[in-house]
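Trainee: Sequence first, predicted model second:
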Amino acid sequence: MARSVGLAALALAAGRPGPARGQVQLDPPGAGTSERPLPLGRVEVTRERVPCSDGALAGAVCSEIEVRCPDIPPRKAELAVTRSREARGTIFAHRGSDGRDFFHQPRTVQRYADSGFDVVQVRWEQDWQKTPRSGILRAACRPATVMQHVYETVHRSDKDRGYCALGHSAGGGAIAYALAHYGRASILDYAVIAAGPPFARIDYGCAPHTYDGPPRELCGALPQAPMELPPYLIDPWDNTWTCGEPSPHPDDLARWRADSIVSPGADFSYPRTFVDLYDCATDPNGTAAGAFFFASQLRSEHEVTCFTDCRVEDLGDDGWREVGDRLLERCEPRHR
């Protein structure tokens, strides 16, 4: 099954000076600085051992939680925890789109549980990205807070076992926000982002004509990654109203820039957290440019892999198999 692997162009070893071939320096003002992370919230378990919703792994124990973050309304969610006798580590899995379903990719999450890892799936009652007045950046406190809660309660803050995360599309965006803006590289040993993160540069996704940088070469098979993001999602999530229009409102442009993962105050150096990005080069959408913009900023070890035998936002059988192989190989403790 054919694929194109962009490892040589975009793999950056920790400590290696300067950007690797194929990387570009995008740096908006203040990006890449190690400013203090944004504050997390807290999790309250409201109901324990409830019937699991569809998509939870067989044998999972589910609970209902409420996530409270600063300056935004609380959001309810469901956690599905599947324990393994071996307890090799813990894998936090977050689905894409609005996150209102469990991440349930049988070639990955079930395999992790069968291979001795505790698996935690999260499902939101409402879109995790949506707030009455704030934008996606502030809303990203919610999944970052759940990630911390799982680390403390399921993983028991154990530095002798790997704590890792897997996110698809917007779920990968949640992981990228947690790393870049909420300081969760302090606990994550390994992160996999599949088809994304779409929110790396929301301004370019909503107003592609404002981009005047170099070619967006994510890998050899994708020399010009598309940028367009769906306005019907971005506008309600970021509380704007002109995404996708020929002349977006200046206030909206400013909001999109400020709420992007690649934005002032972000940290892109994770010396103890490996990051792998996987994307489909067949009929790609704006998640591919998100991967390009995010990977171009990373200053620690990461790899980007593009597949060609796949569908948009889906990695195909071989792709998901490789995601499974790589996570089982790399989910090991690095924060001792």
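Mentor: Here it is on my side, so go on. Numbering: from 1, shown residues only.
Trainee: End to end on stretch 65-77, go ahead and measure it.
Mentor: One end of stretch 65-77 to the other measures 5 Å (CA to CA, to the nearest Å).
Trainee: Give me the distance from it to the chain's centre.
Mentor: Remark: stretch 65-77 is offset 19 Å from the chain centroid, using CA atoms, centre = their mean, to the nearest Å.
Trainee: Please apply the same query to stretch 268-275.
Mentor: 14 Å.
Trainee: likewise stretch 302-314?
Mentor: Mean C-alpha position of stretch 302-314 versus that of the full chain (CA atoms, centre = their mean) differs by 15 Å.
Trainee: buried residues in that stretch?
Mentor: 302, 303, 304, 305, 306, 307, 308, 310, 313, 314 (16 or more other CB atoms under 10 Å). (Glycine included, C-beta is placed from N, CA and C.)
Trainee: Likewise for stretch 254-261?
Mentor: Result for stretch 254-261 [16+ other CB under 10 Å]: buried residues 255, 256, 257, 258, 259, 260, 261.
Trainee: Stretch 280-300 now?
Mentor: Buried residues in stretch 280-300, defined by neighbour count with 16+ other CB under 10 Å: 280-282, 284-300.
Trainee: likewise stretch 50-70?
Mentor: Buried, per 16+ other CB under 10 Å, within stretch 50-70: 52, 56, 57, 60, 62, 63, 64, 65, 66, 67, 69.
Trainee: ok, the spatially closest residue to the fifth one that is not a sequence neighbour - contacts?
Mentor: Excluding the flanking residues, the one nearest residue 62 by CB to CB, 6 or more residues apart in numbering is residue 52, at 4.0 Å. Residue 52 sits next to 60, 61, 62, 78, 80 when contact means CB atoms under 8 Å, 6 or more residues apart in numbering.
Trainee: Out of those residues, give me the two with the largest separation.
Mentor: Within the contacts of residue 52, 61 and 78 form the most distant pair, 11.2 Å apart (CB to CB).
Trainee: List just the nearest of the buried residues of stretch 302-314 to residue 95.
Mentor: Using CB to CB, residue 313 comes nearest to residue 95 of these, at 11.8 Å.
Trainee: For the closest one, report the pLDDT, please.
Mentor: Turning to residue 313, the model gives it a pLDDT of 63.
Trainee: can you tell me how far residue 216 sits from residue 226?
Mentor: Separation of residue 216 from residue 226 (CB to CB, to the nearest Å) stands at 8 Å.
Trainee: buried residues in the helix or strand where residue 176 lies?
Mentor: Of the helices and strands defined by DSSP states H and E, residue 176 is found in helix 170-180. Residues of helix 170-180 classed as buried by neighbour count (16+ other CB under 10 Å): 170, 171, 172, 173, 174, 175, 176, 177, 178, 179, 180.
Trainee: hang on, residue 62 packs against residue 51?
Mentor: Yes - using CB atoms under 8 Å, residue 62 makes contact with residue 51 at a distance of 7.0 Å.
Trainee: sorry, back to before: and the buried residues of stretch 302-314, which is closest to residue 234?
Mentor: Minimum distance to residue 234 across the buried residues of stretch 302-314 is 15.9 Å, recorded for residue 313 (CB to CB).
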